[in-house]
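Asks: Model the following, please.
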Amino acid sequence: MTRIIAGFAGSLTLAVPRSGTRPTSDRVREAIFSALEARGGLDGLTVLDLYAGSGALALEAISRGAATALLVEKNAAAAAIAKKNAARVIAAAAPDARPRVEVVTQAVLPRLRASAAVAGAGYDVVFLDPPYDLTDAELTETLAALVPLLAPDATVLVERSTRSPEPAWPAGLALDRTRAYGETALWWATPA
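Replies: Okay, here's the model as predicted:
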């Protein structure tokens with residue numbers, strides 16, 4: 001069972017796709033958000049969740065104070081579930097403080113390239129939890145396309161299997177730290 005851990009939607013259960021995604025465990029999400037809180041919190045920030053699946057990471061950020069989130073998921077069934085989850089989280093917010101959440105059913109790289117043409121996105125926190133079959137070259141290309149869309153003090157978090165190599169960081173991104181939780185590896189990067 002996947003749920004929102006903390007914030008205004010704390011304990012809200014989220015639906016997850018029956019197949020094709022790997023929801024981030026509560027333990028790993030708690031570690032991610034504890035680290036983000038230690039970096040200054042999420043209040044008012046803009047979040048981008050790539051390969052969003054159920055949307056649990058972005059929606060946790062929204063529950064903890066992020067102002068806006070864009071979730072990008074190419075699998076139509078998963079995107080539909082993310083939209084339902086987003087609606088439930090938004091409904092849990094105070095009527096005068098409703099966050100803005102958009103779920104886009106599109107492949108990540110074309111979405112990033114289209115966004116690059118529209119300057120000024122300025123994402124503060126970006127989650128990338130790509131499918132394990134995404135090649136290292138595709139991940140590097142995705143990270144490179146992301147760089148011009150980042151706020152100057154952004155945090156980029158890549159989640160993969162511990163059996164995966166460290167991402168090849170493109171110009172404009174620098175590794176900040178690495179953590180492993182069982183089979184899950186997290187790489188944190190910031191704009192260089």
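
Asks: switch to C-alpha atoms for all contacts and neighbour counts from now on
Replies: OK.

Asks: helix/strand/coil for Phe127?
Replies: strand (DSSP: H, G, I helix; E, B strand; the rest coil).

Asks: Show me what secondary structure element comes after the longest strand along the chain.
Replies: Criterion DSSP state E: the longest strand present in the chain is strand 150-161. Following strand 150-161 in sequence order, the next helix or strand is strand 173-181 (DSSP states H and E).

Asks: Just the residues contacting that next one, thanks.
Replies: Under the criterion CA atoms under 8 Å, 6 or more residues apart in numbering, residues 28, 147, 162, 169, 185-192 lie in contact with strand 173-181.

Asks: The protein: strands as residue ranges?
Replies: Counting by DSSP E, the strands of the chain are 2-3, 13-14, 46-50, 68-72, 100-104, 123-128, 150-161, 173-181, 184-191.

Asks: what's the helix ranked longest in the chain packed up against?
Replies: Secondary structure of the chain per DSSP state H: the longest helix is helix 76-92. Other elements packing on helix 76-92 under the criterion 3 or more CA pairs under 8 Å, 6 or more residues apart in numbering; DSSP states H and E are helix 56-63, strand 100-104.

Asks: which of those sits most buried?
Replies: helix 56-63 (a mean of 27; mean count of other CA atoms under 10 Å).

Asks: hmm, who's touching it?
Replies: Applying CA under 8 Å, 6+ apart, the contact partners of helix 56-63 are 2-10, 14, 23-24, 29, 33, 42, 47-49, 52, 68-71, 85-86, 89, 93, 99, 127.

Asks: rewinding a little: need the strands of the chain in JSON lines (columns: mean pLDDT and distance to Ala80).
Replies: Shown next, in JSON lines, are these (pLDDT from 0 to 100; distance: least, CA to CA, whole Å):
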{"stretch": "strand 2-3", "mean pLDDT": "90", "distance to Ala80": "16"}
{"stretch": "strand 13-14", "mean pLDDT": "94", "distance to Ala80": "12"}
{"stretch": "strand 46-50", "mean pLDDT": "97", "distance to Ala80": "15"}
{"stretch": "strand 68-72", "mean pLDDT": "97", "distance to Ala80": "11"}
{"stretch": "strand 100-104", "mean pLDDT": "97", "distance to Ala80": "8"}
{"stretch": "strand 123-128", "mean pLDDT": "97", "distance to Ala80": "19"}
{"stretch": "strand 150-161", "mean pLDDT": "95", "distance to Ala80": "22"}
{"stretch": "strand 173-181", "mean pLDDT": "96", "distance to Ala80": "29"}
{"stretch": "strand 184-191", "mean pLDDT": "97", "distance to Ala80": "26"}
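
Asks: looking at the ones you listed, which is buried most?
Replies: Comparing the strands of the chain by mean count of other CA under 10 Å gives strand 46-50 as most buried, with a mean of 26.
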